[in-house]
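>>> below is the structure, and that's it, no one-letter string:
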């Protein structure tokens, strides 16, 4: 599915973080949570994984995702234009690989470069742990009838707090379409204008991540990820995890945005969850 990473939106009350909650959220295992003032220039963004499943065919899904803080906070540019301090560039690629066919072709890949501002809890409104505001392009790199592309502006606050010994993270994402490819000009009917992500768990144990999307006429897409650590972390939020993904709904790939996928399950390994 296009960017399964499916980030998300809902009209929900903000959660006020206590100081202790904010400290714990930095190690929550959430790929969207970072300390903007402390993060290295190049770091992880969305989950990175490889997972196998069987439906009519045996398929593998994998995703790579990184982000880059464009300007150093104490550098020449930021000293003269402080509004550029929190500017980030990110790149995410999600591919579906059909292993049943003779040539084992890649059925579809989605390429998502984005440019956004990311503000931490000290500067973001609504009591959010983080706030992202920016632009994203998504396309599958095909031509003619198989071509799919969208350009969007997005607003994504992230709230996080500890409840019942678990870290709860809520990340709604509101999307406005700037442009749509001629072969997918009705994509909003299936993707809608908002997604919702809810993650529950801790870095040291089981983490559950759910993604929900609602299109027109009751078209729903639901994705559920479960991951469990099997080795010590290499870096913060980077390690080795057993990974299980389930999916049901529309647009498992960008090319199939208007096709409904029955229940799909894949199992594999993640290095970022």
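Perfect, I can see it now. Keep in mind that what you see is a predicted model, and the values were worked out from it rather than measured.

>>> show me where the chain has helices.
In the chain, the segments counted as helices under DSSP state H are 19-25, 76-80, 188-191.

>>> comparing the ones you listed by mean pLDDT, which bottoms out?
Note on these: lowest mean pLDDT is at helix 19-25, with a mean of 34.

>>> how distant is stretch 245-260 from the center of its chain?
Relative to its chain's centre, stretch 245-260 lies at 15 Å (CA atoms, centre = their mean, to the nearest Å).

>>> show me what counts as buried in it.
Neighbour-count burial for stretch 245-260 flags 245-257 (criterion: 16 or more other CB atoms under 10 Å). Where you see a C-beta, it was placed from the backbone N, CA and C, and this is true even at glycine.

>>> then stretch 196-215?
Those would be 196-203, 207, 209-215, for stretch 196-215 by 16+ other CB under 10 Å.

>>> residue 96: which of those is nearest?
The nearest member of these to residue 96, counting by CB to CB, is residue 211 at 16.7 Å.

>>> so what's the closest one bridging to?
Taking DSSP bridges, one obtains residue 197, residue 223 as the residues bridged to residue 211.

>>> go on, residue 88?
Per DSSP bridges, residues listed as beta-bridge partners of residue 88: residue 69, residue 116.

>>> okay, and the helix or strand of the protein with the least pLDDT?
Taking mean pLDDT, DSSP states H and E as the measure, the chain has helix 19-25 as its least confident helix or strand, at a mean of 34.

>>> what ranges does the stretch 1-150 of the chain have for its strands?
Here the stretch 1-150 of the chain has its strands, by DSSP state E, counting those that start in this stretch, at 42-44, 48-54, 58-69, 87-98, 106-120, 130-139, 149-163.

>>> possible to save those strands as TSV with mean pLDDT and distance to residue 272?
Formatted as TSV, the strands of the stretch 1-150 of the chain follow (pLDDT from 0 to 100; distance: least, CB to CB, whole Å):
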stretch	mean pLDDT	distance to residue 272
strand 42-44	93	5
strand 48-54	96	4
strand 58-69	96	7
strand 87-98	96	11
strand 106-120	95	16
strand 130-139	96	17
strand 149-163	95	16
